[in-house]
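**Student:** Provided below for reference: sequence and predicted model.
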Amino acid sequence: MRILLIHADRFEYTVLERTKMAEDWPEESKSHVFEEVLVVFTTVEKRDSDAEAVGRLAAEEIASVARSVKAEKVVIYPYAHLASDLADPAQAVAVLKLVAENLSRMSIETHRAAFGWYKSFDIRCKGHPLSELSREIVAVPADKRAALGEGTYAVMTPDGRLVPVDEFADDTSDFGVVVSKEALKKDLGEREEPEYFRLCRKFGIAWEEMSDAGHMHWEPKAALMFDLIGDYSTMIANSIGIPVYLMKGTNMFNLQEPPVREHAELFGDRLYVVEEGKKKFIMRYAACHQQFAIMRNWTISYRQLPFGAFEVADSYRLEQSGECQLLFRVRRLNMPDLHVLCRDTDEAYEWFHKIHLRILEEARKLGVDYEMLINISGKKSFEENRGFIERLVRERGKPALLHFYPDGINYYWTINIEYMMVDEGRRPREIGTVQIDVGNAERFGIKYADEEGKARYPIILHTAIIGTIERYLYMVFDVALKREKSGSKGYLPVWLNPEQVRLVTVSDKHLARASEIAQKLSANGIRVGLDDRTETVGKKVREAKQDWVSYAAVIGDKELQSDILRVYERESDRDIEMTVDELIRLIMEKRRGYPNRPMYFPSELSRRIV
């Protein structure tokens, strides 16, 4: 499908004469005038065979544009001049009806113009930068898509038994919540404004209104947190015990390349498609494309396996605009994507297990105990891997939810684990992942030479150990909110806090001493703020707490004569007396094993833009 979207002050059309392919249209509905309207000239193509998918994707895209330009209503106007390979009339009408119905379900006032009639029209375009847009809607045919979300479920207990999911229908534990949402398909609901949005606002994370739906911007505090998490994900990748090759590359791949097209067909229909002339490109939805495209040209020996390839990859997924949610479900995400190439199944099991343990460990550092959803590509794959799956569940000592995908579909993977937390709103959220890939090495032509010099295809593990940068931060925020709910102070890990220390001056005469302390802290790599404003001490201290600074100290007459500070520690919500050197040692110990960066904004509060 191809669409031309015009944001108009006024649009008027009149139905004049029917063609041989015209749909029936009531006489009283042949002339219409609309004001403040988004007019969508629409061409349905022969390839739009999956009417449901095309109708849904088109409606999401139109709704996104309508919200961006603040259009009051939408007109779907059939227009056969945007493409040459047209759908037959019945197919076209069916798709157009679905687009209109989906928009109406989104509470958007929608009108569909008559199909197959000659019409006159008059339009007055608003002329602003977003008033004329074109889009191509592409849905992968249903027979070529993995049947995501289908199949059957069971619970595996730590002793290896399989139990029907219905037995957990009334379970209110975190695991029961996962079963209810994933297996029993219960609607757990979403709050109109989740609590963590408050923290997004506090640190400067928001939707970018001048972009597409699902795209965020990061203000300085948030940008610092973003980069620190990216640095940390790189540290983790480099510490797992094998050589890891860091890569960078493009985010756009030619859909005509067979490996790219086949992988896209397996991924599904949530693809960003970009056209240049007659070429079609997809925006990558993970780092797989670039890493595999590089490694297919390498000469690899069995002696060099296992090894990893890593990139924090900007990735793109065309999520439904109405389902986009800050940090958690976005259209542009940043994936710390690690691929581990292994010689055989035994080596793949070994490194899958090590990665599995690291995923659990990283969550535990934040106080999160994951639940596991283990996806399996069919019953045959389950029998082949059952012993390994039982080991993972037994070691955890708690049940896991198994999802058996339908047999007979050409999956490129065998086992895929989603590691889920249950957030403060009692909703399951996938964070970390790891899977065994048995298809992409052959698809992309990645080979290694075995002991006899024969070419073999490696098994590839895909993993995001801490999840996307966005979802890791979501988990950090959620842990803080749960602490608040329990009656304690919510806080950020010291290594991740944009401002680790704030020094509050009583008056101008204390500024030199405060600056001296700030310089000493800064020289040790500590992010320190200096509140040099002419506000009351009470207000300054209150704002330091509101800003979630890890440590705050007032610099007054007493501190002019002594090296001892009275320091407020947010984590324990108490004042502690310590020297400047003790404060430095405390912070350096708290951030041990984590990355560090300088502040992305001025130290002095008087210089900060509010």
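**Tutor:** Nice, I can see it. Numbering: from 1, shown residues only.

**Student:** May I have the strand or helix carrying T414 exported as PDB, CA atoms only?
**Tutor:** Secondary structure from DSSP states H and E places T414 in strand 413-422. Taking C-alpha atoms only, strand 413-422 is exported to PDB below (Å, rounded to 0.1, in the frame of the first residue of the first chain):
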ATOM      1  CA  TRP A 413      16.200 -20.700  16.500                       C
ATOM      2  CA  THR A 414      15.500 -23.600  18.900                       C
ATOM      3  CA  ILE A 415      15.400 -22.200  22.500                       C
ATOM      4  CA  ASN A 416      14.700 -18.500  23.400                       C
ATOM      5  CA  ILE A 417      14.400 -17.400  27.000                       C
ATOM      6  CA  GLU A 418      12.700 -14.100  27.900                       C
ATOM      7  CA  TYR A 419      13.700 -12.900  31.400                       C
ATOM      8  CA  MET A 420      10.800 -11.000  32.900                       C
ATOM      9  CA  MET A 421      10.400  -8.800  35.900                       C
ATOM     10  CA  VAL A 422       6.900  -7.900  37.300                       C
END
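
**Student:** Quick check: P602 touching R608?
**Tutor:** Yes. In this structure, P602 is within contact of R608 by CB atoms under 8 Å, at 5.4 Å. Where C-beta positions appear, they are placed from N, C-alpha and C, glycine not excepted.

**Student:** quick revisit: which other helices and strands contact the next helix or strand after the strand holding T414?
**Tutor:** Using DSSP H and E, the helix or strand that follows strand 413-422 towards the C-terminus is strand 428-437. Judged by 3 or more CB pairs under 8 Å, 6 or more residues apart in numbering; DSSP states H and E, the packing partners of strand 428-437 are helix 174-178, helix 345-365, strand 371-376, strand 413-422, strand 459-464, helix 469-485.

**Student:** Quick check: buried residues in stretch 538-551?
**Tutor:** For stretch 538-551, a neighbour-count test (16 or more other CB atoms under 10 Å) marks K540, V541, E543, A544, D547, W548, V549, S550, Y551 as buried.

**Student:** go on, stretch 197-212?
**Tutor:** F197, L199, C200, F203, G204, I205, W207, D212.

**Student:** which one of the buried residues of stretch 538-551 is nearest A309?
**Tutor:** Closest to A309 out of the buried residues of stretch 538-551 is S550 (35.4 Å), distances taken as CB to CB.

**Student:** who are the neighbours in contact with that closest one?
**Tutor:** S550 makes contact with Y491, L492, V494, N497, E499, Q500, V501, E569, R570, E571, I587, K590, according to CB atoms under 8 Å, 6 or more residues apart in numbering.

**Student:** got the residue ranges for the helices in the stretch 201-350 of the chain?
**Tutor:** Counting by DSSP state H, counting those that start in this stretch, the stretch 201-350 of the chain has helices at residues 220-238, 258-267, 288-295, 345-365.

**Student:** what residues does the shortest one touch?
**Tutor:** Okay, so that is helix 288-295. By CB under 8 Å, 6+ apart, helix 288-295 touches 247-251, 253, 259-260, 263, 284, 309, 311, 313, 337, 339, 341, 440, 444, 446, 462.

**Student:** Among the helices and strands packed on strand 428-437, show me which one is buried the most.
**Tutor:** Mean neighbour counts were taken over those using mean count of other CB atoms under 10 Å, and the top value, a mean of 25, falls to strand 459-464.

**Student:** now the strands for the stretch 151-300 of the chain?
**Tutor:** Ranges of strands in the stretch 151-300 of the chain, per DSSP state E, counting those that start in this stretch, are 152-156, 162-163, 205-207, 216-218, 244-246, 252-254, 273-276, 279-283, 300-301.

**Student:** Reformat those strands as JSON lines; add distance to T234 and mean pLDDT.
**Tutor:** Putting the strands of the stretch 151-300 of the chain into JSON lines (distance: least, CB to CB, whole Å; pLDDT from 0 to 100) gives the following:
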{"stretch": "strand 152-156", "distance to T234": "34", "mean pLDDT": "95"}
{"stretch": "strand 162-163", "distance to T234": "39", "mean pLDDT": "94"}
{"stretch": "strand 205-207", "distance to T234": "21", "mean pLDDT": "96"}
{"stretch": "strand 216-218", "distance to T234": "18", "mean pLDDT": "96"}
{"stretch": "strand 244-246", "distance to T234": "7", "mean pLDDT": "97"}
{"stretch": "strand 252-254", "distance to T234": "23", "mean pLDDT": "88"}
{"stretch": "strand 273-276", "distance to T234": "28", "mean pLDDT": "82"}
{"stretch": "strand 279-283", "distance to T234": "23", "mean pLDDT": "86"}
{"stretch": "strand 300-301", "distance to T234": "23", "mean pLDDT": "97"}
